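Chemist: I'd like to go over a predicted model; first the sequence, then the structure.
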Amino acid sequence: MNRRPNLGFFVIWVSFLLVIAIGGAAGAVAPGDTLTVIQRPLVNLPAIVTPGGTLTIQCEAPPVTSGWAASLLRGQVEITLTVQSSTYDPSTLWWEIQALVPAVPVYELYDLKVTATGGIVDTTWNAVRVIAQYLNDYYFIQITDTHLPTQLYYYESGADTDSSEIVDLREIIRDVNIINPEFVVITGDFINEGELEDYLSKKYFSRAQRLLTEFEVPVYLTSGNHDIGGWTDTPPPDGTARQNWWKFFGWKRLNNPPAGAPYYTQDYSFDYGSVHYVGLETYLNYESWRPEIYGSQSFTSAQMQWLTANLAGASGSAERVLFHHSDFSNQINLTSLGVGLTLSGHTHSNTEDASYPYKIVTNNACSSERSYRMVRVSNGVIQPQATMSAGGSGTSLNVVFVPTNNGTNYAVTANITNSISQRFEHGQLRFVMPNEPGDISVAGGTLLQVDTSGPHAVCYVGVDILASSSRSVTVTLAPTPDQPPVVTVNAPNGGEVWNIGAAQNITWTATDDIGVSSVSIVLSRDGGTSYPDTLAKGEANDGVYPWLVSAPPSASARVKVIAYDAAANTGSDASNADFEIYDPASGVAPGHDIPTKLTIVGSTPNPFSETTSIKFGLPRDGEIELDVFDVSGRKVATLGDGHYTAGYHDFQWRPAVDSRRSGIYFLRLRSGEEDVTAKIVISR
């Protein structure tokens, strides 16, 4: 706003030494995007275009440059533009490239990338807004006097860490992104001290430039006295503030302008529909840098000449609007210029004007005021509205998403509270949903478009937000049934011992995006190599199936549950490890090496012709006798006789050739008072 008091050389020098000694929190800030090749459009001077239209790109590059190419970037998406012409103008020192705007997957802000011979590659942030069509009825927003990042001067206590004006602007940005104007104009004093970029590594311009990328709509920026006026009591050389502006916001040729663009100030214009908009550089030349050029008035005579010529070229426009920081010298006469509205700031207060043409001054965004103004345009007729505020707590216009709007929920509700006495009929919310095929429905709003280029699906929903009101908007995604069911077998899952004839519960969980219609249950007795036994088919997905455990026994049993949905998708899961199907009548303890009773497990092979292996089990240490008898009861061989330990033992029986007669034989195992028998067959 106003020039600060001169502190005197001694105080300045001491402050300078102290700040150099202690450094500052901003020193860690990465440099912003300085202008190299692309000069327009920029993040602070964007282009608004429609598919099928022409995008004009102005670049600074050697006259011999060729092979120009351009594309739009957004996330992982790159859209190639068809370059229709590229012309170098030696009188302006710039290239002008005309590119055809193609159809785009989503109407949005895009970064602009250009390439050319000589290794030229340059990208500018948020430089191009592609819209479906220019609206006849729309609104735009004016913001002024943000004084980023702090209103504290560099030598004041807390200046290194204070970022209160960034907080203020972010609250306004939050409102703007909900209100969804066609564009925003920021009318100067964007930065509090224009010298503080490289000096002390404050990076004021870098930090402010990045904030512009948080807007979801185009932003047009003009300078004010704090941005480029310079301070005589700040150590950097005179002209530093203006040169910082050129480096980040345009243009370095203003230092020594060419004959075809003989202006030392950054003035520009653009058209939206039938309305012509002009942004003017404004300043107070506090440091008296180049007084022969910049003088002491708000606008130089060259600026006024440029403005007159520019407006004359827009005589066919339905309306003309100027925006600048402040007409300190009262040089702008709206009537004689044929201008319907001028928007400015600087005074940190509101000046309303109820009669046409309108000369409007808007209150500051800083100092927790968080002010901004909306201007309505209807068929070329402008209607300035009263200044609004994001509110000290940032809740004048508030949206709460339930549940979290983070791309994981299939139904999200936005609860909107508008405490401002202004209707925002073009309001827009972005719902972040799972990026899955399906049907999207909206209650309380209108689905405008869906961006599926990223990890989540972003649903753009138009909302008519009435003045001083509350409403809710719900977005629901009903996924297309293309996902298989997800199944988990809980029991048996490995290590269990289930007795034949006992009732056991097979349990599982199965889920699906459209629901599980039925399950089947199959059984393997060979460790999961095959599942020949079907235990249940068409079973309800209730998570439990009572099974009467069936023979034969197996130490390598597994269960598999197969789930089906209505779209014929299937999913399955099996036991993680083997479980045992145990026969209690076998006498063999399940899962152990010691039988519960005296037993002959069997002989292998049986029948046999020459040799067989006989296995028996002893429940405790003791004396045993294992004999072979023929059908007449005659003992033909003794295989074992003596003391044996508890457990399982094997014997090989190879009858002598002369006594190896075909027929039935009996094994008898005796231990103490117990004996067991088993049949064995010789077949020759």
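Modeler: Looks like it came in fine. Only a predicted model underlies this, so the values are computations on that prediction, with no experimental measurement involved.
Chemist: rest of the way, CA atoms for contacts and neighbours
Modeler: Noted.
Chemist: Residues in a beta bridge with residue 222, which ones?
Modeler: Residue 222 has these beta-bridge partners by DSSP bridges: residue 187.
Chemist: ugh, wrong one, residue 114
Modeler: residue 70, residue 122.
Chemist: pLDDT weak spots in the stretch 51-200 of the chain?
Modeler: For the stretch 51-200 of the chain, no stretch is flagged by pLDDT under 70.
Chemist: Strands along that one, start to end?
Modeler: 54-59, 69-74, 77-89, 94-100, 109-116, 120-130, 137-143, 184-187 (DSSP state E, counting those that start in this stretch).
Chemist: swap in the stretch 401-550 of the chain?
Modeler: Under DSSP E, counting those that start in this stretch, the stretch 401-550 of the chain gives strands at 411-418, 424-434, 438-443, 446-451, 456-465, 469-479, 486-491, 497-499, 503-511, 516-524, 533-539, 544-548.
Chemist: Which of the ones you listed comes out lowest on mean pLDDT?
Modeler: Lowest mean pLDDT of the strands of the stretch 401-550 of the chain: strand 497-499, a mean of 90.
Chemist: elements contacting that one?
Modeler: Secondary-structure packing of strand 497-499 (3 or more Cα pairs under 8 Å, 6 or more residues apart in numbering; DSSP states H and E): strand 579-582.
Chemist: What mean pLDDT does the strand it packs on get?
Modeler: 88.
Chemist: Each with direction, which strands does the helix or strand following it pair with?
Modeler: Next in sequence after strand 579-582, counting helices and strands by DSSP states H and E, comes strand 599-604. Here strand 599-604 has these sheet partners by DSSP bridges: strand 612-618 (antiparallel).
Chemist: how about the partner strand as CSV, C-alpha atoms only?
Modeler: The C-alpha coordinates for strand 612-618 follow below in CSV (Å, rounded to 0.1, in the frame of the first residue of the first chain):
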residue,chain,number,x,y,z
THR,A,612,6.9,-107.9,0.9
SER,A,613,7.5,-105.2,3.6
ILE,A,614,5.5,-105.6,6.8
LYS,A,615,4.9,-102.7,9.1
PHE,A,616,3.6,-103.0,12.7
GLY,A,617,3.1,-100.6,15.6
LEU,A,618,3.9,-101.0,19.3
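Chemist: Next SSE downstream of that strand?
Modeler: strand 622-630.
Chemist: For that following strand, which residues meet the burial criterion?
Modeler: Within strand 622-630, the residues that count as buried by 16 or more other Cα atoms under 10 Å are 624-630.
Chemist: Which neighbours in the sheet does the next helix or strand after it have, and how are they oriented?
Modeler: Following strand 622-630 in sequence order, the next helix or strand is strand 635-644 (DSSP H and E). Sheet pairing of strand 635-644 (DSSP bridges) gives strand 622-630 (antiparallel).
Chemist: Neighbours of the nearest residue in space to residue 384 that is not next to it in sequence, how many?
Modeler: Closest residue to residue 384 apart from its sequence neighbours, by Cα to Cα, 6 or more residues apart in numbering: residue 375 at 4.3 Å. Burial of residue 375 is recorded as 18 neighbouring residues (other Cα atoms under 10 Å).
Chemist: now swap in the one 10 residues further on and tell me
Modeler: Residue 385 has 15 neighbours, counted by other Cα under 10 Å.
Chemist: Please name the residues that touch it.
Modeler: Contact analysis of residue 385 by Cα atoms under 8 Å, 6 or more residues apart in numbering lists 373-376.
Chemist: ok, so of the residues you listed, who is nearest residue 189?
Modeler: residue 373 (16.3 Å; Cα to Cα).
Chemist: now the angle from the host helix or strand of that closest one to strand 424-434?
Modeler: Remark: residue 373 resides in strand 371-378, with elements defined by DSSP H and E. Calculated by axes from the mean of the first three to the mean of the last three Cα atoms, to 10 degrees, strand 371-378 forms an angle of 110 degrees with strand 424-434.
Chemist: Start the count at 29 instead of 1 going forward.
Modeler: Understood, numbering begins at 29; the last thing we discussed is strand 399-406.
Chemist: quick one: strands adjacent to strand 399-406?
Modeler: With DSSP bridges as the test, strand 399-406 pairs up with strand 165-171 (antiparallel), strand 409-412 (antiparallel), strand 416-417 (antiparallel).
Chemist: Which of the strands of the stretch 429-578 of the chain sits closest to residue 672?
Modeler: That would be, of the strands of the stretch 429-578 of the chain and by Cα to Cα, strand 525-527, which comes in at 28.5 Å.
Chemist: how far away is residue 159 from residue 348?
Modeler: Residue 159 sits 22 Å away from residue 348, going by Cα to Cα, to the nearest Å.
Chemist: With residue 266 instead?
Modeler: From residue 266 over to residue 348 (counting by Cα to Cα), the distance is 35 Å.
Chemist: who has more neighbours, these two?
Modeler: residue 348 (25 against 20).
Chemist: Give me the distance from the helix or strand hosting the more buried one to the chain's centre.
Modeler: Taking DSSP H and E as the definition, one finds residue 348 inside strand 347-351. Distance, stretch centre to chain centre, for strand 347-351: 38 Å (Cα atoms, centre = their mean, to the nearest Å).
Chemist: Tell me where the model's unsure across the stretch 579-712 of the chain.
Modeler: Using pLDDT under 70, the flagged stretches of the stretch 579-712 of the chain are 614-621, 686.
Chemist: go with 80
Modeler: Within the stretch 579-712 of the chain, the stretches with pLDDT under 80 are 613-624, 649, 673-676, 685-688, 712.
Chemist: and if you look at the stretch 229-378 of the chain?
Modeler: Using pLDDT under 80, the flagged stretches of the stretch 229-378 of the chain are 259-261.
Chemist: That one: strands as residue ranges?
Modeler: Using DSSP E, counting those that start in this stretch, strands in the stretch 229-378 of the chain cover 247-250, 296-300, 303-307, 347-351, 369-372.
Chemist: Determine the set of other helices and strands touching the last one.
Modeler: It refers to strand 369-372. strand 347-351, strand 386-389.
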